[in-house]
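A.B. asks: dropping a prediction and its sequence here:
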Amino acid sequence: KKSMPLFGKKVMVTAGPTYEAIDPVRFIGNHSSGKMGFALADELAKLGADVTLIAGPTEQKSSENLKRINVVSAQDMFDACTEIFDVTDITVMCAAVADYKPKVVAGQKIKKQESTLILELEKTTDILASLGRNKKANQILVGFALETNDEENYAKSKLEKKNLDLVVLNSLNDKGAGFKSDTNKITIFNRASEKMVFGMKSKTEVAKDICKAILNIIE
Ligand code: C5P
């Protein structure tokens, strides 16, 4: 059916931040609201896809026509994504995954120190890069990039390095774009080195543009 071009397709979307525990009461997080990923999951479901949304800690409500898996840490998100990746046709990684986590998680609340507290951090696993390494020819993998400088070059190199089919560049330089807002301004790059520039729009409209770029690959 024309209105359900993704009918029968299994789609995975990640959204929101991750929280990396420091001790039982503290964590390292970020300002991601999850709005962009939730809007994408909604639009993909409206196009008929069988959507699984893997969501970090967020206030967002998800619609009933998709399956939601709640996770907290980057490791949880990695486990959830890895478990279902093999059966997915399309994966869109919109989550703002922490790049570092505390090397040890204290079992008790860390007491106030005399002066400085030094936390040792280690790298989290790059989920998107890991999926990219395992991607099969018939799978579509979409990543996001958020940069403050030299954005276009970083976005293009991400496409190559992580073996993506599309990379969506989020501009932080534009007012009204990015984290908490209801609007966003994106540029999409594909493997054919095409650059698609879009204006500032609601995250729902942005999600529709991303869906169109995905449909273009399939057709
Ligand atoms: O390399 P960078 O973190 O800028 O790449 C951003 C993209 O990678 C986003 O799509 C994000 O969801 C994904 N990512 C991930 N796992 C990480 C870090 C980023 O899946 N640990």
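C.D. replies: The structure has been received and is ready for your questions.

A.B. asks: hey, C-alpha coordinates of the lengthiest strand in the chain in PDB?
C.D. replies: With secondary structure taken from DSSP state E, the chain has its longest strand at strand 140-147. Taking C-alpha atoms only, strand 140-147 is exported to PDB below (Å, rounded to 0.1, in the frame of the first residue of the first chain):
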ATOM      1  CA  ILE A 140      19.900   0.200   6.600                       C
ATOM      2  CA  LEU A 141      21.800   2.000   9.400                       C
ATOM      3  CA  VAL A 142      21.300   5.700  10.200                       C
ATOM      4  CA  GLY A 143      23.300   7.700  12.700                       C
ATOM      5  CA  PHE A 144      23.200  11.200  14.000                       C
ATOM      6  CA  ALA A 145      26.000  13.700  14.400                       C
ATOM      7  CA  LEU A 146      26.100  16.700  16.600                       C
ATOM      8  CA  GLU A 147      29.100  18.900  16.300                       C
END
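
A.B. asks: in its sheet, what does that strand sit against?
C.D. replies: Strand 140-147 has the following sheet partners, assigned by DSSP bridges: strand 90-93 (parallel), strand 166-171 (parallel).

A.B. asks: my read: residue 29 touches residue 98, true?
C.D. replies: Yes - Residue 29 sits in contact with residue 98 when judged by CB atoms under 8 Å, with a separation of 7.4 Å. Backbone N, C-alpha and C define where each C-beta goes, glycine included.

A.B. asks: what does this protein have sitting close to the ligand?
C.D. replies: Counting by CB under 6 Å from any ligand atom, the positions of the chain adjacent to the ligand are 14, 74, 93, 95, 97, 99, 124, 126-128, 143-145, 158.

A.B. asks: buried among those residues? Need that as a selection in PyMOL.
C.D. replies: Entered in PyMOL, the line below selects the buried ones among the residues of the chain next to the ligand, by 16 or more other CB atoms under 10 Å:
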select buried, resi 14+74+93+95+97+124+126+127+128+143+144+145+158
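
A.B. asks: tabulate the residues of the chain next to the ligand in a markdown table, adding columns for distance to residue 64.
C.D. replies: Formatted as a markdown table, the residues of the chain next to the ligand follow (distance: CB to CB, whole Å):
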| residue | distance to residue 64 |
| --- | --- |
| 14 | 20 |
| 74 | 28 |
| 93 | 23 |
| 95 | 21 |
| 97 | 26 |
| 99 | 33 |
| 124 | 31 |
| 126 | 32 |
| 127 | 26 |
| 128 | 28 |
| 143 | 28 |
| 144 | 25 |
| 145 | 31 |
| 158 | 33 |
